[in-house]
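Undergrad: just a sequence and a predicted model for now, questions to come.
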Amino acid sequence: MGIRTERPKEEKQQQFTFTPHDTTPPPTPPPVEQAPVTTPTPDWRELRRQERAAHRAERRAGRDAHGYNWMGGVVLILLGALFLLQNTGIIDGFENWWALFILIPAFGSFATAWRQFQEAGSQWTAAATGSLLSGLILSGITAMFLFGLNIGMWWPLFLIAGGIAVLLGANQWRSQS
């Protein structure tokens, strides 16, 4: 049980009644200086996204500048020429035409080798040499299937090509060091 105290009625009324004494407007406050508006610094994720977008645009521009769009045209021309030679009877027994699809990654390897060669300042690097040799190996496999060569007899050529790749790769690493 607590003790309650109340104010007298006159004091309550004086507190809540408004009687204007002065009719002049209140003075205007001095202007508050605002801090200069700064843009928030982007977080590292946004910076990384911007870097990736710039890198992608640079790669696309480089690809278009080198003119690698001709590779698809070359593949179509070669396929058309081979089918035409078969239809005219110049090439007989063209049963393994499906092997021509192996040329697609072969041409991709050749294009990659050429791009890496140009990006390295017209010097053969280990990456360019590896791409070139993989294109040659795929072209050799395609030729074996297309012309009906006995792979059992010619498979040592792939070992020789692998050895050349290892030697050229070792030579590239030695010259870069």
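TA: Okay, I see it.
Undergrad: hey, let's count contacts and neighbours off CA atoms from now on
TA: Noted.
Undergrad: got a list of contacts for the top helix by length along the chain?
TA: Using DSSP state H, we find that the single longest helix of the chain is helix 44-66. Contacts to helix 44-66, defined as Cα atoms under 8 Å, 6 or more residues apart in numbering, come from residues residue 115.
Undergrad: next helix or strand past it?
TA: Downstream of helix 44-66, the next assigned helix or strand under DSSP states H and E is helix 70-88.
Undergrad: return the list of helices and strands in contact with that following helix.
TA: Judged by 3 or more Cα pairs under 8 Å, 6 or more residues apart in numbering; DSSP states H and E, the packing partners of helix 70-88 are helix 103-119.
Undergrad: can you give me the angle the helix or strand just after the helix it packs on makes with helix 103-119?
TA: Sequence-wise, the next helix or strand downstream of helix 103-119 (DSSP H and E) is helix 126-146. For helix 126-146 against helix 103-119, the angle by axes from the mean of the first three to the mean of the last three Cα atoms, to 10 degrees is 160 degrees.
Undergrad: now do the buried residues in helix 126-146.
TA: Residues of helix 126-146 classed as buried by neighbour count (16 or more other Cα atoms under 10 Å): 126, 128-146.
Undergrad: so the longest helix of the chain versus helix 103-119, what angle?
TA: Using the same axes, to 10 degrees: helix 44-66 against helix 103-119 is 100 degrees.
Undergrad: was I right to think residue 99 contacts residue 140?
TA: No - the criterion here is Cα atoms under 8 Å, and residue 99 misses it with residue 140 at 10.8 Å.
Undergrad: what do the two both touch?
TA: By Cα under 8 Å, 6+ apart, no residue touches both residue 99 and residue 140.
Undergrad: related to what we said a few turns ago, the longest helix of the chain: how far from the chain's middle?
TA: Counting by Cα atoms, centre = their mean, to the nearest Å, helix 44-66 is centred 7 Å from the centre of its parent chain.
Undergrad: over to residue 28. Which of the three states is it?
TA: Under DSSP: H, G, I helix; E, B strand; the rest coil, residue 28 falls in the coil class.
Undergrad: what is the burial count for it?
TA: Each residue near residue 28 was counted by other Cα atoms under 10 Å, and the total is 6.
Undergrad: OK, contacts around it?
TA: By Cα under 8 Å, 6+ apart, no residues touch residue 28.
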